[in-house]
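Engineer: attaching a predicted model along with its sequence, questions to come.
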2 protein chains.
Amino acid sequence: MARLAGVSIGTVSRVINNSDHPVGEETRTRVLEAAAKVDYSPNELSRGLARGRTHTVGVIVHDITDSYFNEIVRGIDDVASEHGYLVLVCSSYRDADRELEYVRKLRSQRCEAIIFVGGGLRFPDYLLELDAQLEGLCKQGGAIVMLAPTDLARPRIIPDASRAIGELVDHLVQLGHRDIALIEGPPHLKTSVQRAEAFDAAVRRHGIDPDPGRRASGHFDREQGAAALEELLDRGKPFTAAVCLNDQMAVGCLMAAKARGLRVPQDVSIAGIDDLPVTRYLDPPLTTVRVPMRELGRAGMHLVLAQLDGLRTRRVRNVRCELVVRESTAQAPRTSARRGQR
Amino acid sequence: MARLAGVSIGTVSRVINNSDHPVGEETRTRVLEAAAKVDYSPNELSRGLARGRTHTVGVIVHDITDSYFNEIVRGIDDVASEHGYLVLVCSSYRDADRELEYVRKLRSQRCEAIIFVGGGLRFPDYLLELDAQLEGLCKQGGAIVMLAPTDLARPRIIPDASRAIGELVDHLVQLGHRDIALIEGPPHLKTSVQRAEAFDAAVRRHGIDPDPGRRASGHFDREQGAAALEELLDRGKPFTAAVCLNDQMAVGCLMAAKARGLRVPQDVSIAGIDDLPVTRYLDPPLTTVRVPMRELGRAGMHLVLAQLDGLRTRRVRNVRCELVVRESTAQAPRTSARRGQR
DNA sequence: CTGAAAGCGCTTACAG
DNA sequence: CTGAAAGCGCTTACAG
């Protein structure tokens, strides 16, 4: 194509990149014409090799079909595409090995940044290896951003639901609930641990002792959230409300409660966390804690850009979450959920 | 790192790639040790340049937060990751320029394939330019796969809902519905056009003339689906059932109907197409046509792999879709929806 | 079994 | 204003 235009490849490069190096008008036109004729597509690989920039960022999520994650990816992508970046989406399914494998791959691809959307796993070996990989990426000039609690000392923006979880518990207690069941996420996931701690602290403030008998894990998953509710029901310890530490589990929990013949919220109140789009379409619409997912994604990508621009930071930024009261929570019934069961 | 191991870069390459070119055992260990020590991360860019393979595929969707698309991406990613491919996800929002821009970028990145998940737009200029870009990508050795109806002659796997739409209409007519409203998608989108044609053909089979007065566009979008129902209601032409050409619109339609005080399905039956996960959690659960999204994604990526393996094909494969009857459709009421409105 | 060297397609000082 | 050439980090015939 340089031959077609009758110029050197250096000149071609200059006009294609609109470099500020001067190029003769007539030469420029000749190059542009030749480029159009042969349908020239500049090779980003070699360009990346030569310039050290790939215009790609990697994003590691739990599962792209989970709204929590795809909403955040949407936010990331909004600003990424605005700035000419392409996004590599990697679903790790919270598997440490899968995640490490992806990090290695993204590094090899010379992504300019990796954004971790999901919560940090808490396995020591994994943390060590992950930190080494991330250090390597940083040395290559890459940026790292974490959008969830983690044990790694990396720049991060974290949705902090603690305060809103407190408000949620206040709300329930005001409605007369004292026997509040808790459906947790994966025990090795920091997000779940933190949310559970916030819940425990909140009920204690009301003089209620967190009761292991009213607690089950739904692994942040819809089906397992449903199973957790059933387990709690089968355990026989009465409760009038169930707090699910994410909305996916709350969806499952709600369906399971209905399937057991419980009316929500008359027989049992149910609340979640995240405020996924689906919560509005449930019957009843779900009381939950709003995590500003799209904004979180946008902020995350902006932090990436700032770092690539030379910003050095280890500052941790918290993002406020708000209680959203809808119709799945109401006055506690006289008889508790278990007995109310038909 | 070659220096650290005291060998040539050629030798390093051979052991890192586990090439079948013989390498001395002791040399191999030395290289591996050096690699571990410096935390060596092979540069995929240069590797891609030298070998002409990038191990990436681009996927163009409408919007990653739309379940229809992220479910398909999930299927693609399942087999892509199995085969060591990374996935670049591009949301075009059905904008022709955005889509073309992404195609150019993916080409520049030398993606080995582009999978188009969404339906084809039908703008002549766009089609021309797109086809040129795709031809370019093919010449570079890339594969193309379309997972929706399109006017382009490229390998494709298409979910064919026509037959199931016919069954849906039969189902409604059997329930006594004759005044059936239709909420369509974007008029320039082939998927929407085809589904509408299938609907028209089906009602005609029952001696019903498609009525423009009972037809509105919701642009495949939740909010606009709701607006479309309201418009139909306001138009004053009575109907006892509304068929939405995708589930997103059906969700909006259902909420709007309830907001207007209509009972579903007693006052009006509502049906969608796609069988998104959310349809199960609605009240009432939605009657719809199941499009096997995840399988479609998997099949799409398999077709990519086959093409990269040298398969030459222009064959069009259709994927069967099935009617799923749930609770949002029932016997037609005596009085039609409009009058039933409170 | 090992290395030197050409080549992948660019960018970018450096000369002219 | 233009070109020749080094360099980005690999792979892979080609010699030895």
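Structural biologist: It's in. Note that the structure is a prediction, hence the values are computed from the model and not measured.
Engineer: wasn't residue A:119 part of a helix?
Structural biologist: No. Counting by DSSP: H, G, I helix; E, B strand; the rest coil, residue A:119 is located in no helix; its state is coil.
Engineer: ok, the closest residue to it other than its chain neighbours to chain B distance?
Structural biologist: Spatially, and ignoring its direct neighbours in sequence, residue A:119 is nearest to residue A:191 (3.3 Å; Cβ to Cβ, 6 or more residues apart in numbering or on different chains). To be clear about C-beta, it is placed using only N, CA and C from the backbone, and glycine gets the same treatment. With the distance defined as Cβ to the nearest Cβ, to the nearest Å, residue A:191 ends up 20 Å from chain B.
Engineer: next SSE after the helix or strand that contains residue A:191?
Structural biologist: Per DSSP states H and E: residue A:191 is located in helix A:190-205. Downstream of helix A:190-205, the first helix or strand assigned by DSSP H and E is strand A:215-217.
Engineer: give the buried residues for that following strand.
Structural biologist: A:215-217 (16 or more other Cβ atoms under 10 Å in any protein chain shown).
Engineer: pLDDT of whatever helix or strand comes next after it, averaged?
Structural biologist: Counting by DSSP H and E, the element after strand A:215-217 in chain order, helix or strand, is helix A:222-235. Per-residue pLDDT over helix A:222-235 has a mean of 97.
Engineer: so which bits of helix A:222-235 are buried?
Structural biologist: Judged by neighbour count (16+ other Cβ under 10 Å), helix A:222-235 contains these buried residues: A:222, A:224-230, A:232-233.
Engineer: so which of those residues comes closest to residue B:5?
Structural biologist: residue A:224 (48.4 Å; Cβ to Cβ).
Engineer: same list (the buried residues of helix A:222-235) but as a markdown table, adding distance to DNA strand C.
Structural biologist: Converted to a markdown table, these look like this (distance: Cβ to the nearest atom of the strand, whole Å):
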| residue | distance to DNA strand C |
| --- | --- |
| A:222 | 47 |
| A:224 | 49 |
| A:225 | 51 |
| A:226 | 54 |
| A:227 | 53 |
| A:228 | 54 |
| A:229 | 58 |
| A:230 | 59 |
| A:232 | 60 |
| A:233 | 63 |
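Engineer: on that earlier part again, burial count for the residue nearest to residue A:119?
Structural biologist: 22 (other Cβ atoms under 10 Å in any protein chain shown).
Engineer: these two touch, right, it and residue A:185?
Structural biologist: Yes. Residue A:191 is within contact range of residue A:185, at 6.7 Å (criterion: Cβ atoms under 8 Å).
Engineer: stretch A:4-23 and chain B, any residue contact?
Structural biologist: No. In terms of Cβ under 8 Å from any Cβ of the partner chain, no part of stretch A:4-23 sits within range of chain B; the closest distance is 10.8 Å.
Engineer: so which bits of that stretch are buried?
Structural biologist: Neighbour counts using 16+ other Cβ under 10 Å place A:5, A:7, A:11-15, A:23 of stretch A:4-23 among the buried residues.
Engineer: next one: stretch A:289-302
Structural biologist: Using 16+ other Cβ under 10 Å as the burial criterion, the residues of stretch A:289-302 that qualify are A:289-293, A:296-302.
Engineer: cool, and stretch A:264-273?
Structural biologist: So stretch A:264-273, judged by 16+ other Cβ under 10 Å, has buried residues A:264-265, A:267-273.
Engineer: which two in those are spaced the farthest apart?
Structural biologist: Maximum pairwise distance among these (Cβ to Cβ): 21.7 Å, between A:267 and A:273.
Engineer: burial of residue A:33, as a residue count?
Structural biologist: Residue A:33, neighbours per other Cβ under 10 Å, totals 12.
Engineer: again, but for the one 5 residues further on
Structural biologist: One way to gauge burial is a neighbour count; for residue A:38, by other Cβ under 10 Å, it gives 12.
Engineer: all strands of chain A, in order?
Structural biologist: In chain A, the segments counted as strands under DSSP state E are A:56-61, A:86-91, A:113-116, A:143-146, A:156-160, A:180-184, A:215-217, A:241-244, A:269-271, A:288-290, A:316-320, A:322-324.
Engineer: check whether the fourth one comes near chain B.
Structural biologist: The reference is to strand A:143-146. No. Using Cβ under 8 Å from any Cβ, strand A:143-146 never reaches chain B; the gap is at least 14.7 Å.
Engineer: by contact count, what packs against that strand?
Structural biologist: Helices and strands touching strand A:143-146, by 3 or more Cβ pairs under 8 Å, 6 or more residues apart in numbering or on different chains; DSSP states H and E, are strand A:113-116, helix A:124-139, strand A:156-160, helix A:293-308.
Engineer: just to revisit the earlier point, out of the buried residues of strand A:215-217, flag the one nearest to DNA strand C.
Structural biologist: Using Cβ to the nearest atom of the strand, residue A:217 comes nearest to DNA strand C of the buried residues of strand A:215-217, at 50.7 Å.
Engineer: who's in contact with that closest one?
Structural biologist: Residues near residue A:217 by Cβ atoms under 8 Å, 6 or more residues apart in numbering or on different chains: A:183-187, A:224, A:228.
Engineer: against residue A:168, how distant is it?
Structural biologist: Distance, residue A:217 to residue A:168, using Cβ to Cβ, to the nearest Å: 19 Å.
Engineer: in the stretch 1-150 of chain A, which spans are helices?
Structural biologist: Listed in chain order, the helices found in the stretch 1-150 of chain A under DSSP state H, counting those that start in this stretch are A:2-5, A:9-16, A:25-37, A:44-51, A:67-82, A:96-108, A:124-139.
Engineer: got the buried residues for the third one?
Structural biologist: Counting neighbours by 16+ other Cβ under 10 Å, one finds that the buried residues in helix A:25-37 are A:27-28, A:30-31, A:34-35.
Engineer: including pLDDT and distance to chain B, could these go into CSV?
Structural biologist: Below are the buried residues of helix A:25-37 laid out as CSV (pLDDT from 0 to 100; distance: Cβ to the nearest Cβ, whole Å):
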residue, pLDDT, distance to chain B
A:27, 92, 23
A:28, 93, 20
A:30, 92, 21
A:31, 93, 17
A:34, 92, 15
A:35, 93, 12
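Engineer: may I see the residues you listed organised as JSON lines, with distance to DNA strand D added?
Structural biologist: Shown next, in JSON lines, are those (distance: Cβ to the nearest atom of the strand, whole Å):
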{"residue": "A:27", "distance to DNA strand D": "3"}
{"residue": "A:28", "distance to DNA strand D": "7"}
{"residue": "A:30", "distance to DNA strand D": "8"}
{"residue": "A:31", "distance to DNA strand D": "9"}
{"residue": "A:34", "distance to DNA strand D": "12"}
{"residue": "A:35", "distance to DNA strand D": "14"}
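Engineer: if we check DNA strand C, which of the residues you listed are in contact?
Structural biologist: Filtering those for proximity to DNA strand C by Cβ under 7 Å from any atom of the strand leaves nothing.
Engineer: how does chain A divide into domains?
Structural biologist: Chain A breaks down into these domains under automatic domain parsing: A:2-42, A:52-159+A:292-319, A:160-291+A:324-340.
Engineer: residue B:122 is nearest to which of those domains?
Structural biologist: Using Cβ to Cβ, the nearest of the domains of chain A to residue B:122 is domain A:2-42, at 23.2 Å.
Engineer: any idea how far the closest one is from the chain center?
Structural biologist: Relative to its chain's centre, domain A:2-42 lies at 43 Å (Cα atoms, centre = their mean, to the nearest Å).
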